[in-house]
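>>> Sequence and predicted structure are below.
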Amino acid sequence: MLYVDQGPLHVPALNLAIEEYLLRLDPEEDYLLFYNNDPSVIIGRHQNAWEEIDEAFCRKEGIHVVRRLSGGGAVYTDRGNLSFSFITKDDGQSFMNFRKFTEPVVEALRALGVPAALTGRNDIQVGDRKISGNAQYASGGRLMTHGTLLLSVDLDRMAKALKPRSEKFQSKSTKSVRARVANIQEFLPEPLSVEAFRQHLLRHIFKGARPPTYELTPKDWEAIQRIARERYDNWEWNFGRSPAFNTQTVRRLEGVGTVDVRLWVEDGVIRSCAIYGDFFGERPVEELARLLTGLPYRREDLAQALKEIPIQAYIAGLDQDTFLELL
């Protein structure tokens with residue numbers, strides 16, 4: 001197994017692109033990768049991005065939202081988290097065998113005095129508190145098994161980022177299971193930096209030996225950056241690929257009345273729109289609904305479209321910004 005040190009890189013789109021690149025690099029080689037992201041929510045392949053996050057909070061706080069290749073639930077990561085990824089040949093027996101890949105990690109945690117254990121299907125916990133979530137992806141005879149290690153993550157920020165208005169959405173997407181989480185730091189006798197934690201894991205996994213390494217070349221980086229641009233830094237992949245869903249927002253507004261906006265979104269595009277309420281308007285609100293139909297369900301596109309639409313002609317007293325928040 002070769003250790004890949006990508007350096008002090010904290011961009012989630014690039015880190016996930018490195019994983020994908022290594023997955024396809026050499027069909028006979030196994031790789032180990034550690035990475036540390038800027039604040040981000042990494043959502044599972046089959047999830048509805050809007051159902052998993054508080055989109056307004058993430059946008060305000062500059063939290064990246066990136067969809068990964070593997071299934072499973074959404075995770076929050078920041079500089080206090082260390083993610084690991086084992087990229088190996090698929091022997092036909094290792095998919096869903098999380099123990100095979102997490103056992104070295106669990107043993108390394110126990111060596112630090114952390115009473116960790118693999119529980120359920122794919123979590124590492126201390127007692128009833130989750131410190132790591134894991135997922136897998138198989139393709140072309142290759143297998144990627146990756147997970148998070150919550151060392152000193154901002155748990156308050158995590159709770160706010162992963163707090164969607166669940167009553168607003170209805171879809172058949174894979175939902176995250178909200179669990180009680182904890183930082184590994186809580187179970188250590190003294191604080192440990194992410195880098196020191198990485199080095200401890202490497203020593204444990206490679207039995208104290210110097211890890212054989214693979215150095216990423218300029219050609220590798222060119223391919224990695226292309227993957228990031230085309231997939232992980234792309235709205236169509238991160239949001240547009242969400243499963244079809246309904247969304248409904250009802251709000252009572254002073255001087256306006258009750259406004260009830262209902263959307264059907266598929267492939268990231270508003271396929272139908274209906275607006276109800278006890279408000280007044282000079283023009284038929286069905287016309288406004290038709291103007292929104294066909295637009296990407298992306299804040300920037302909706303904001304641009306609303307600049308050209310006289311909202312108050314349809315819903316008296318309602319300004320563009322408030323209507324945008326309703327959408």
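Okay, I see it. Predicted, not measured: the structure shown is a model, and the values here were computed from it. Numbers count the residues shown, from 1 in each chain.
>>> could you measure the residue of the chain positioned farthest from its centre against Glu308, distance?
Residue farthest from the centre of the chain, counting by Cα atoms, centre = their mean, is Glu282 at 42.7 Å. Counting by Cβ to Cβ, to the nearest Å, the gap from Glu282 to Glu308 is 17 Å. For the C-beta atoms, the positions are set from N, CA and C on the backbone; glycine is no exception.
>>> Likewise for Phe187?
Per Cβ to Cβ, Phe187 is found 56 Å from Glu308.
>>> Between those two, point out the one with more neighbours.
More crowded of Phe187 and Glu308, by other Cβ atoms under 10 Å: Phe187, with 17 against 7.
>>> Does that one touch Ile124 like I think?
No - assessed by Cβ atoms under 8 Å, Phe187 is found out of contact with Ile124, at 11.9 Å.
>>> Ala116: what's it in contact with?
Neighbouring residues of Ala116 by Cβ atoms under 8 Å, 6 or more residues apart in numbering: 106, 109-110, 124-126, 131-132.
>>> Next up, phi/psi of it, please.
Backbone torsions for Ala116, taken as degrees, to the nearest 10, come to phi -80, psi 150.
>>> Which strands border the helix or strand that contains Val265, and is each parallel or antiparallel?
Val265 belongs to strand 257-266 when assigned by DSSP states H and E. Paired strands of strand 257-266, with direction, are strand 245-253 (antiparallel), strand 269-277 (antiparallel) (DSSP bridges).
>>> Same list, these, but as TSV with mean pLDDT please.
Formatted as TSV, these follow (pLDDT from 0 to 100):
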stretch	mean pLDDT
strand 245-253	90
strand 269-277	92
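>>> those helices in the chain, which residues are they?
Under the criterion DSSP state H, the chain carries helices at the ranges 12-25, 49-52, 55-61, 98-111, 155-161, 194-205, 218-227, 235, 285-292, 299-307, 311-314, 320-326.
>>> Now do the buried residues in the fifth one.
What that stands for is helix 155-161. Burial within helix 155-161, assessed by neighbour count using 16 or more other Cβ atoms under 10 Å, is assigned to 157-158, 160-161.
>>> what's the farthest-apart pair in these?
Met158 and Lys160 (7.4 Å; Cβ to Cβ).
>>> Which of the strands paired with strand 257-266 has the highest mean neighbour count?
Among the strands paired with strand 257-266, ranked by average contacts under mean count of other Cβ atoms under 10 Å, first place goes to strand 269-277 (a mean of 17).
>>> got a list of contacts for it?
For strand 269-277, the surrounding residues in contact (Cβ under 8 Å, 6+ apart) are 240, 244, 257-265, 285-286, 288-290, 292-297, 314-315.
>>> So what sits opposite the residue positioned nearest the centre of the chain in the bridge?
Nearest to the mean C-alpha position of the chain, by Cα atoms, centre = their mean, lies Ile42 at 1.7 Å. Per DSSP bridges, the residues bridged to Ile42 are Val66, Val75.
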